[in-house]
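K.L.:
Mind looking at a prediction? Sequence and model below.
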Amino acid sequence: MIRYLVRRLPSLAMVLGAASLLIFGVIRLIPGDPASILAGPDAGPDTIAAIRHELGLDQSLPAQYAHWLGGVLTWNLGRSYIIGGDISSLLGAGAGNTVLLTSASLVIAVAVAVIAGPLWASTRRPWLEHLLTGVNTLAIALPAFVTGVLLILLLGVLLPVLPSGGVPPDGLLADPTITVQYLLMPATCLALPLAAVLARYLAESLRTEMSQPYVATALAAGVSRRRIVTRHALRNVLPTSLTVLGLQIGTLLGGAVLVETVFAWPGLGQLIEQAIIMRDYPVVQVLLLLSVGVFVVIQLLTDVVHALLDPRIRLGGAR
Amino acid sequence: MPPMNPLLTRRSVLAGLGFTGAALLTGCTSAVSLQAGSPANETSKGGTLRAGIGQDLIPGNFFTNSNSGITTLIGLVYEGLIRYPNDRVAPTPRLATSWQMSADGRALTLTLRQGVTFHTGRPFTSKDVEFSLRTYAEPVWNGQLRSTAAAITSYDTSDPQKVVLHLAHPLGNIFDLLDTVPIVDSETFDGVGTGRQYVGTGPFRFVSWTPNSQLRFAKNPKYWQPGLPYLDNVNVSVVPDPTSLTSQLRSGQIDYAYGNSYLDIEQLAATKRFTKHQLAGAEQQIYVGTNITAPALSDIRVRQAIAYAIDRERIMSEVFRNSGYAVNLPWPKYSNAYDANKNTTYALDTAKASALVKEYGKPIAEIPLAYSAQVPLYRQTAQIVQANLQAVGIPVTLDPLDGAQFVKRLIGAEFPGMWTTFHSWAQYTPSTLTVSAYPFNAAKNSSHYSSAQYSSDATQAWQVADGGSEEAVGHYGRLSDDLLSALFLIEIGVVQPQWVTSNRLRGVSYTKRQELDLTRAALSV
């Protein structure tokens, strides 16, 4: 296995190296530059030149690339042009908030799906089925910025039971009960489409499962429908549902960009949005390279798991 | 009757609801009750103000007053040497208590306030004035009045309580500089560029900044004005989405907001629960710029036709909800350059505009009108201008640009046709506009306009010893004539920015640069 991993390392390094070059080049192809943003519309060309020099943007592109790559390889990610702080600190704070938000959304989505899916599959009341179908369709169709605003108006303004946005003034760790209240609306907003997809998939899978002969046998033997669903059918469909859940997590991370903006939640989504608008090259470069890195690691882990499950792959790699 | 769903029995539903209700009632403190803020006591002193702003702090823009993060920070933490009242350009004491200009206008002596300390406890002296003005003059900080700061040739700081500024030539706008530049602490200034430390002499001290999230400030207990400020703390949340900002106000989560749309503010004020603050004296100007080397735009008759065709009143009413007024020249009404007659030179006259287009006689190709797509106000303005110009035979294509791209083209003078955006600095001594705002710069500007007469008038207006004298006003009149005859920039209106506060917040004030002044602000129950 170690030999297999070692054989993969050069290709991984090549992917990351090519990605770094691509990211560095592409962001500079976008018109506009950070010096203009910092200078503002009342500035003159001499000011722009001074700022470009200060930021090192007047160096040749290969020199800038080498400087950046050298920093990344030594985990010196540099400073943000616009925010001014260490990128590693910004990354740490933003990643923590995004992980918290997406984790909470995942929990809500799974909880809702596990309750609504079986309910939808087993109900024989037409009005309830129509209701669940309608709610499900809306949850999938409505974009996060619409559900976010609706939730804020309902729970933050009309019935002020939850904060309208932002984070607790004393920080996320000061009082978990307060943090949960700040988290509830953005996490629900982010969770809704995922919950709807999962619930629909679960309901369909359960309907198929409930038509299996063993279910009829169990019903004939006097086992209750609830017991059949919760103890047998649900267990059988959960593994395939987990695959769907895994595929949807990427969507969850993408949706976080919008939700973080609507709810003023200071995560990576908001950070990258601001960084792109402001042409904060170092921050965009690091965040994009990090995304590629995460993807590459996930691919590697997938290959490792496959190798563990399939000896032919392992042996092939070891030869 | 259909069989009961096994998972949805009445018992299970009631148990679930009961559990949820009990958890909500007994389990934890309500964030909503906390977010109402600490109520003030009977004397309306103390408490924490929760505020919201649309733009985060950008440390590199520290001296530019270019976004609400910066203006909030500077307004709370820092002070200048003098301060202009919002309704006129006349210096009043701040960190300088008195001043004396030499007869030749080339030396300004400032007497400094005694007993003022920085938030670190270090006494404020004349050396700090020199450090602040010299730093402001460094190109990398992009202070818009840099040319004025750079005209200070030397500083006499031998007396800690007195500073003498020696000038290369008389500067009619020297007090604009002294009003604008925040006095900074040289010992901690390295922290400014990285956003770690902000030390001034103002009513509040900087506590922390969490990028993209919040700024926190606490009362300066040693503030030189006894008994002030009233508030103990100010927590400022960064809320980039204007709709969310409005929601946070409506829900009572914040009591002050800067970044709402004009329409939202109008609706909030109509509820009587909120107060609209129209920042008269801290204006910006909306204008249409032209590249005078472009086809058709190079002909003055076409530019005049544009000036006659634009329905300024409609733009001020529909886009800016009457928060300001239409103008033909940049000067606000209180400026000593304002002339009501000149200001109606290009009053709306579509017949005259059409006649000028006919007189031009050549077919006019589509002229692109660029604007920053991230600001809805610019889009709305551009759409009205497009309709106005098409009505008189000038075809216009809208060219929405990303904000960074727009600024780059503006500074690089790369617009192929027209553009619309804000400029500022007309609320100061008029010469400041022509030497400091790049679109008006006589030497190099976005319009490719150059004129020996305009350059000469701009320089003469700048180099009078007293920017408020009759001589200076004469120069400003000539500058106005230059602007009206060249029409490389076509003014639309003077726009007063707006803030909104809940009615429980009183005493909010501002400077001419839209800086937040909470020195006398208090929360009432």
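P.N.:
Here it is on my side, so go on.

K.L.:
who touches B:Ile70 in this structure?
P.N.:
The contact partners of B:Ile70, taken as C-beta atoms under 8 Å, 6 or more residues apart in numbering or on different chains, are B:57-58, B:61-62, B:64. C-beta: built from backbone N, CA, C; applies to glycine.

K.L.:
Please report the distance of the residue most central in space within chain A from A:Ile23.
P.N.:
Nearest to the mean C-alpha position of chain A, by C-alpha atoms, centre = their mean, lies A:Leu253 at 1.5 Å. Distance of A:Leu253 to A:Ile23, computed by C-beta to C-beta, to the nearest Å: 18 Å.

K.L.:
Just give me the neighbour total for the closest residue to A:Gly269 other than its chain neighbours.
P.N.:
The shortest distance from A:Gly269 to any non-neighbouring residue, by C-beta to C-beta, 6 or more residues apart in numbering or on different chains, is to A:Val257 (3.4 Å). Neighbour count for A:Val257, taken as other C-beta atoms under 10 Å in any protein chain shown: 17.

K.L.:
Next: A:His232.
P.N.:
So A:His232, with other C-beta under 10 Å, has 16 neighbours.

K.L.:
Hmm, A:Gln212 and it touching each other?
P.N.:
No. At 9.1 Å, A:His232 and A:Gln212 do not qualify as touching, with contact defined as C-beta atoms under 8 Å.

K.L.:
what is in contact with those two at once?
P.N.:
Common contacts of A:His232 and A:Gln212 (C-beta under 8 Å, 6+ apart): none found.

K.L.:
before we move on, back to that, before we move on, which element is the residue nearest to A:Gly269 in?
P.N.:
Secondary-structure assignment from DSSP states H and E places A:Val257 in helix A:234-262.

K.L.:
how close does B:Thr29 get to chain A?
P.N.:
6 Å (C-beta to the nearest C-beta, to the nearest Å).

K.L.:
from memory that residue sits against A:Pro176, does it?
P.N.:
No. Judged on C-beta under 8 Å, B:Thr29 makes no contact with A:Pro176 at a distance of 10.9 Å.

K.L.:
got any ranges where the stretch 201-350 of chain B has weak pLDDT?
P.N.:
Within the stretch 201-350 of chain B, no stretch has pLDDT under 70.

K.L.:
Which positions in the stretch 151-300 of chain A make contact with chain B?
P.N.:
Within the stretch 151-300 of chain A, the positions adjacent to chain B are A:152-153, A:156-157, A:160-169, A:175, A:177-178, A:180-182, A:224-227, A:229-230, A:261-264, A:266, A:270-271, A:274, A:277-279 by C-beta under 8 Å from any C-beta of the partner chain.

K.L.:
Next step: the residues you listed restricted to helices.
P.N.:
A:177-178, A:180-182, A:225-227, A:261-262, A:270-271, A:274, A:277 (DSSP state H).

K.L.:
Quick check, the residue in the stretch 301-450 of chain B closest to chain A?
P.N.:
B:Ala404 (2.8 Å; C-beta to the nearest C-beta).

K.L.:
Quick check: that residue touching A:Arg279?
P.N.:
Yes. At 4.8 Å, B:Ala404 and A:Arg279 qualify as touching, with contact defined as C-beta under 8 Å.

K.L.:
what's the helix or strand for B:Val129?
P.N.:
Going by DSSP H and E, B:Val129 is part of helix B:126-137.

K.L.:
Convert the C-alpha atoms of that helix to PDB, please.
P.N.:
Listed next in PDB are the C-alpha coordinates belonging to helix B:126-137 (Å, rounded to 0.1, in the frame of the first residue of the first chain):
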ATOM      1  CA  SER B 126       3.600  68.500  17.500                       C
ATOM      2  CA  LYS B 127       5.700  65.600  16.400                       C
ATOM      3  CA  ASP B 128       2.500  63.600  15.900                       C
ATOM      4  CA  VAL B 129       1.200  66.300  13.600                       C
ATOM      5  CA  GLU B 130       4.300  66.100  11.400                       C
ATOM      6  CA  PHE B 131       4.200  62.300  11.300                       C
ATOM      7  CA  SER B 132       0.600  62.200  10.400                       C
ATOM      8  CA  LEU B 133       0.900  64.800   7.600                       C
ATOM      9  CA  ARG B 134       4.100  63.300   6.200                       C
ATOM     10  CA  THR B 135       2.600  59.800   6.200                       C
ATOM     11  CA  TYR B 136      -0.500  61.100   4.500                       C
ATOM     12  CA  ALA B 137       1.600  62.500   1.700                       C
END
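
K.L.:
where's that helix relative to the chain centroid, distance-wise?
P.N.:
23 Å (C-alpha atoms, centre = their mean, to the nearest Å).

K.L.:
Residues of the stretch 101-250 of chain B that sit close to chain A?
P.N.:
Neighbours of chain A within the stretch 101-250 of chain B, by C-beta under 8 Å from any C-beta: B:138-140, B:142, B:144, B:146, B:193-196, B:210-214, B:235, B:237-241, B:243-244, B:247-248, B:250.

K.L.:
how's chain B carved up into domains?
P.N.:
Chain B breaks down into these domains under automatic domain parsing: B:48-56+B:202-281+B:498-524, B:79-191, B:284-495.

K.L.:
Need those in CSV (columns: mean neighbour count).
P.N.:
Below are the domains of chain B laid out as CSV (neighbours: other C-beta atoms under 10 Å in any protein chain shown):
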stretch, mean neighbour count
domain B:48-56+B:202-281+B:498-524, 21
domain B:79-191, 19
domain B:284-495, 20
